[in-house]
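S.K.: Dropping the sequence and predicted coords here.
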Amino acid sequence: MSATSNVLAGATKTADGVVMNGIALKPIVEQCEGCDRVRVFEEEKFCSSYPMPERKWVGGKCNFATHIKSQTAAAAKVNPLKASKRAAKGR
């Protein structure tokens, strides 16, 4: 990733904070550190996908987070009775 791709292009500093495409952006929170969606503007870090990152973490984890690996479901449970019937049929 080049240095310019990690910067918010087209963002401006206003009294409300940093505005991009008419939307005020809030700085990232601690949980966002390490995410690929973090962008830098004037020494502050912002999310490129969501304007209020702290609200995405309220429910547990951010669904945009690229640095968190989700736990996959355990292998499908096998009913032993059905498995034996399938085996008997030759499937």
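M.R.: Looks like it arrived, so ask away.
S.K.: Which helix runs longest in this structure?
M.R.: In the chain, with assignment by DSSP state H, the single longest helix is helix 80-89.
S.K.: May I see the buried residues of that one?
M.R.: By neighbour count on 16 or more other C-beta atoms under 10 Å, the buried set for helix 80-89 is empty. From N, CA and C alone the C-beta is placed, and that goes for glycine too.
S.K.: now it, how far from the chain's geometric center?
M.R.: Taking C-alpha atoms, centre = their mean, to the nearest Å, the mean C-alpha location of helix 80-89 is offset from the chain mean by 42 Å.
S.K.: Please report the separation between the first and final residues of stretch 11-26.
M.R.: Using C-alpha to C-alpha, to the nearest Å, one end of stretch 11-26 lies 12 Å from the other.
S.K.: Could you check how far Lys89 is from His67?
M.R.: Going from Lys89 to His67 by C-beta to C-beta, to the nearest Å gives 47 Å.
S.K.: same question, Arg86
M.R.: Separation of Arg86 from His67 (C-beta to C-beta): 41 Å.
S.K.: Over to Lys61?
M.R.: In terms of C-beta to C-beta, Lys61 sits 10 Å off from His67.
S.K.: Over to Glu42?
M.R.: Glu42 is 23 Å from His67, by C-beta to C-beta.
S.K.: Those two: which has the busier surroundings?
M.R.: Neighbours were counted for Glu42 and for His67 using other C-beta atoms under 10 Å; His67 has more, 13 against 10.
S.K.: correct me, but that one touches Arg37?
M.R.: No - between His67 and Arg37 there is no contact under C-beta atoms under 8 Å: 9.3 Å.
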